[in-house]
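1. 3D, please:
(one chain, ligands or ions: 1)
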Amino acid sequence: MSTAPLVAAVSNAGGLGVLGVGFAPDEFVKEQVEETRKSTDKPFGINTVLIPENLDRLTKLISEIKTPVIYADTLINVDEQICLHYFKLWHDAGCKIILKASTIADAIAAEKGGADLIIVKGWEGGGHTIVEATTVLVPQATDVLSVPVVASGGIADGRGFAAAIALGAEGIEMGTIFMAAEEASVHPNVKKALINAGDMSTVITGYSTDEPCCQIKNKLSDEMIEIEANNTKEVAAELLRTVAESSLKKAMIDGDMVEGAVMAGQIVPLITEIKSVESILSEVIEGAKVELVRASQFKF
Ligand SMILES: Cc1cc2nc3c(=O)[nH]c(=O)nc-3n(C[C@H](O)[C@H](O)[C@H](O)COP(=O)(O)O)c2cc1C
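-> Next comes the predicted model:
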């Protein structure tokens, strides 16, 4: 999904591209980093998930690949001590650290642990998600954090960007819209599904097993919901793992829109055509400028 061509295109267009290589084997990560470097001399990041079993391997890897940015996604209950330990090692390797949090407590722990920038992600966002909205998280985060705050979840145009600025954010993160970018390496069926999706097309599965994830409704998501409704947490977690196994690949690579997991956020109805990354970013920026002028003329 978020592989070298997309990541380089985002960085070249003035954003910060992030390789989605959270659980990928080292060789794949190295190859993707090398490919990205061939196409951009701008900063980019690699993604990890801030769970202890990931971090020693990653720390060893970054001493070799030395990407400018480490982008750490989190589940819940960010451990300040883990941050302090690993963030120092990553800083020593020359990396800037972005941490993505979905609760204010996690954002505070990450800042105390040394993160350089915090993304707060509301439940509108695609992929792994929790329960509070972007509009709720961003102003709280800007009130309590000293590091820059970036708004994420449910942003796909200039109106969303302008709203994030009004809430106090210093930048935005977008994920879902880039899946429909020309440079995204997902199966064409995925891009078609994004364009065809409307209001209420997405559903969050996995709340009952502490692995909430937003995806486009289909046979797979119906099955997952049924499993959650009819089983204890432990049994559901086990069954969901089996059902979900390789389901992301099924959708994104094989184009199976029925039994594959089409991860996408609630903002999907705003995606109406396939565009280049450069067009997406320039339209979002220019749109925000228009919206902020309009807001400045608002008659109270
Ligand atoms: C298909 C898809 C895959 C994603 N994979 C990852 C991932 O591997 N790691 C991660 O930190 N976030 C991942 N995300 C979440 C995005 O990084 C981002 O937080 C989110 O998409 C922002 O909200 P939006 O979808 O409303 O733009 C993914 C999102 C989507 C839609």
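2. list the contacts for the nearest residue to residue 244 once chain neighbours are set aside?
-> Nearest non-adjacent residue to residue 244, counting by CB to CB, 6 or more residues apart in numbering: residue 261, 6.3 Å away. No exception for glycine: its C-beta is placed from N, CA and C like everyone else's. Shown in contact with residue 261 (CB atoms under 8 Å, 6 or more residues apart in numbering): 213, 215, 220-221, 244, 247-248, 250-251.
3. Most neighbours among those, which one is it?
-> residue 251 (28 neighbours; other CB atoms under 10 Å).
4. is the ligand contacted by stretch 213-224?
-> No: using CB under 6 Å from any ligand atom, stretch 213-224 never reaches the ligand; the gap is at least 7.6 Å.
5. My error: substitute stretch 175-184 in the last question.
-> Yes: looking at stretch 175-184 against the ligand by CB under 6 Å from any ligand atom, the contacts come from 175-176, 179.
6. Give me the buried positions along that stretch.
-> 175-181, 183-184 (16 or more other CB atoms under 10 Å).
7. Ramachandran coordinates for the residue of the stretch 101-250 of the chain at minimum distance from the ligand?
-> For the stretch 101-250 of the chain, the residue closest to the ligand is residue 175, as judged by CB to the nearest ligand atom, at 1.9 Å. The phi/psi pair for residue 175 (degrees, to the nearest 10) reads phi -130, psi -60.
8. domain assignment for the protein?
-> Structural domains assigned to the chain are 4-185+272-296, 188-252, following automatic domain parsing.
9. looking at these, which is buried most?
-> Each of the domains of the chain was assessed for mean neighbour count using mean count of other CB atoms under 10 Å. The highest is domain 4-185+272-296, with a mean of 19.
10. now it: how far from the chain's centre is it?
-> 6 Å (CA atoms, centre = their mean, to the nearest Å).
11. Let me see the contact set for residue 259.
-> 218-220, 247, 250.
12. so which strand or helix has it?
-> Using DSSP states H and E, no element contains residue 259; it sits outside every helix and strand.
13. Tell me the residues of the stretch 51-200 of the chain that contact the ligand?
-> So far as CB under 6 Å from any ligand atom goes, the stretch 51-200 of the chain lies against the ligand at 73, 100, 121, 124-127, 152-155, 173-176, 179.
14. all helices of the stretch 1-150 of the chain, in order?
-> Secondary structure of the stretch 1-150 of the chain (DSSP state H, counting those that start in this stretch): helices at 4-12, 26-39, 52-65, 80-92, 104-112, 134-144.
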